[in-house]
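Visitor: just a sequence and a predicted model for now, questions to come.
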Amino acid sequence: MTAVVNARGLGKRFRDFWAVRDLDLTLEPGVIYGFVGLNGAGKTTTIRMLLGMIRPTTGSVSLFGKPLGADPSVFNQVGALVEQAAAYPLLTAEENLRHAALLKGLDPSLTVPRVMEELGLVPYARVQARHLSQGNRQRLALAKAFLGDPQLLLLDEPGNGLDPQGVVELRTMLRRRANEGAAILVSSHMLDELSRVADRIGIIHQGRMVVQFSSDDLSKWVRRSLVLTTVDNGRALGELRAAGYEVTPRGERLVSTDERALSAPEHIAALLVEAGVPPRTMELQQETLEALFMRLIRQEVLV
Ligand SMILES: Nc1ncnc2c1ncn2[C@@H]1O[C@H](COP(=O)(O)OP(=O)(O)OP(=O)(O)O)[C@@H](O)[C@H]1O
């Protein structure tokens with residue numbers, strides 16, 4: 001299957017500062033790609049390069065198998081939301097969308113009502129963009145990106161300003177488009193939020209792609225530990241170690257990341273009961289996705 005976006009060795013230097021460095025990125029039809037990084041990591045710069053808004057210092061981008069710039073008509077198949085949700089302030093929501101449709105060579109009467117309905121903008125059709133709430137301005141920007149059901153969506157922080165219901169609706173809209181074959185990139189600084197919608201995740205840190213993985217593999221990356229307390233931690237530690245478990249005392253608690261302990265904590269409980277130091281508390285703890293994200297960018301793991 002031809003990749004919809006294929007970026008190789010992409011880099012952008014501003015004066016003597018590399019905002020993006022040697023970045024490879026592939027977007028496939030039907031796949032939602034979550035692009036996650038801290039503020040200033042290089043997400044927006046990357047998206048702007050993919051869209052031809054700024055010229056890469058190094059590397060190459062192809063869209064729909066064609067080098068960027070070779071065929072401007074490919075942009076008819078691209079919907080984008082980059083940084084600020086820009087709109088003409090004096091035009092109404094509907095006029096903004098009709099204008100955007102015309103620019104894309106689409107028939108406004110065929111395309112605008114559908115996206116207005118989908119984004120819940122019908123009640124605001126005649127409201128000037130400058131009077132829209134931040135959330136509705138974001139919805140307007142998303143509606144613009146969705147016009148004409150493009151085969152490629154590049155969305156920079158699309159959840160910005162949306163209320164929780166809006167965030168859930170957005171996920172459904174993105175999934176539907178992916179199911180219909182669109183390639184979608186969504187950027188965010190929240191791994192937790194992205195993991196709910198993305199099929200694949202790439203983490204960018206200080207301009208470099210640190211790690212990419214399938215969302216299904218996310219659980220493999222999350223660290224788990226068994227945390228327990230007993231009336232006599234010293235003795236319990238001795239018993240557990242004698243049975244071959246890796247256990248570390250941490251303050252008032254004993255902590256094990258040993259796979260045997262994690263998969264069958266009941267064996268630990270039974271062993272300690274037998275030894276006369278039964279557990280008082282026992283808990284299987286799981287690293288949060290945000291903690292994992294911070295750990296990954298600190299370690300700069302390359303896989
Ligand atoms: N035109 C520019 N001139 C100089 N530096 C720039 C320019 N555009 C971006 N940068 C710098 O490049 C780095 C990456 O910025 P970018 O906007 O791509 O990050 P980001 O990951 O999108 O962050 P955020 O989550 O805050 O939007 C930042 O340090 C930024 O200050």
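Guide: Looks like it came in fine.

Visitor: for the stretch 1-150 of the chain, which residues are neighbours of the ligand?
Guide: Proximity of the stretch 1-150 of the chain to the ligand (C-beta under 6 Å from any ligand atom) is limited to residues 14, 19, 37, 39-45. The way it works is simple: take the backbone N, C-alpha and C, and place the C-beta from them, glycine included.

Visitor: mark which of the residues you listed are buried, thanks.
Guide: Neighbour-count burial (16 or more other C-beta atoms under 10 Å) applied to those gives 19, 37, 41-45.

Visitor: so which of those residues belong to helices?
Guide: Using DSSP state H, the subset of these located in helices is 43-45.

Visitor: re earlier: widest-spaced pair of the residues of the stretch 1-150 of the chain next to the ligand?
Guide: Greatest spatial distance among these (C-beta to C-beta): 14 and 37, at 16.8 Å.

Visitor: residue ranges with poor pLDDT in the stretch 51-200 of the chain?
Guide: Scanning the stretch 51-200 of the chain for pLDDT under 70 picks out 84-85.

Visitor: repeat that for 80
Guide: Scanning the stretch 51-200 of the chain with the threshold set as pLDDT under 80 gives 83-86.

Visitor: which residues of it fall in strands?
Guide: Here the stretch 51-200 of the chain has its strands, by DSSP state E, counting those that start in this stretch, at 58-63, 66-67, 78-81, 152-156, 183-188, 200-205.

Visitor: circling back to that earlier point, from the buried ones among the residues of the stretch 1-150 of the chain next to the ligand, which is closest to residue 169?
Guide: When those are compared against residue 169 (criterion: C-beta to C-beta), the nearest one is residue 43, at 22.8 Å.

Visitor: now the residue nearest to the closest one when sequence neighbours are not counted: how far from residue 130?
Guide: Nearest in space to residue 43, with sequence neighbours left out and distances taken as C-beta to C-beta, 6 or more residues apart in numbering, is residue 187 at 4.2 Å. Distance, residue 187 to residue 130, by C-beta to C-beta, to the nearest Å: 26 Å.

Visitor: which one's more surrounded, those two?
Guide: Per other C-beta atoms under 10 Å, whichever of residue 187 and residue 130 has more neighbours is residue 187, with 25 against 11.

Visitor: is the more buried one in contact with residue 153, as I believe?
Guide: No - taking contacts as C-beta atoms under 8 Å, residue 187 lies outside contact range of residue 153: 11.5 Å.

Visitor: for residue 10, what are its contacts?
Guide: Counting by C-beta atoms under 8 Å, 6 or more residues apart in numbering, residue 10 touches 20, 22-25, 46, 49, 56, 58-61.

Visitor: and the chain, what are its domains?
Guide: 5-89+137-219, 224-286 (automatic domain parsing).

Visitor: from the ones you listed, which stretch is densest packed?
Guide: domain 5-89+137-219 (a mean of 18; mean count of other C-beta atoms under 10 Å).

Visitor: report the closest residue of the stretch 51-200 of the chain relative to the ligand.
Guide: Distances between the stretch 51-200 of the chain and the ligand by C-beta to the nearest ligand atom are smallest at residue 189, namely 5.2 Å.

Visitor: just give the nearest non-adjacent residue to that residue, would you?
Guide: Excluding the flanking residues, the one nearest residue 189 by C-beta to C-beta, 6+ apart is residue 38, at 5.8 Å.

Visitor: and what of residue 92?
Guide: Excluding its sequence neighbours, the residue lying closest to residue 92 (C-beta to C-beta, 6+ apart) is residue 126, at 5.1 Å.
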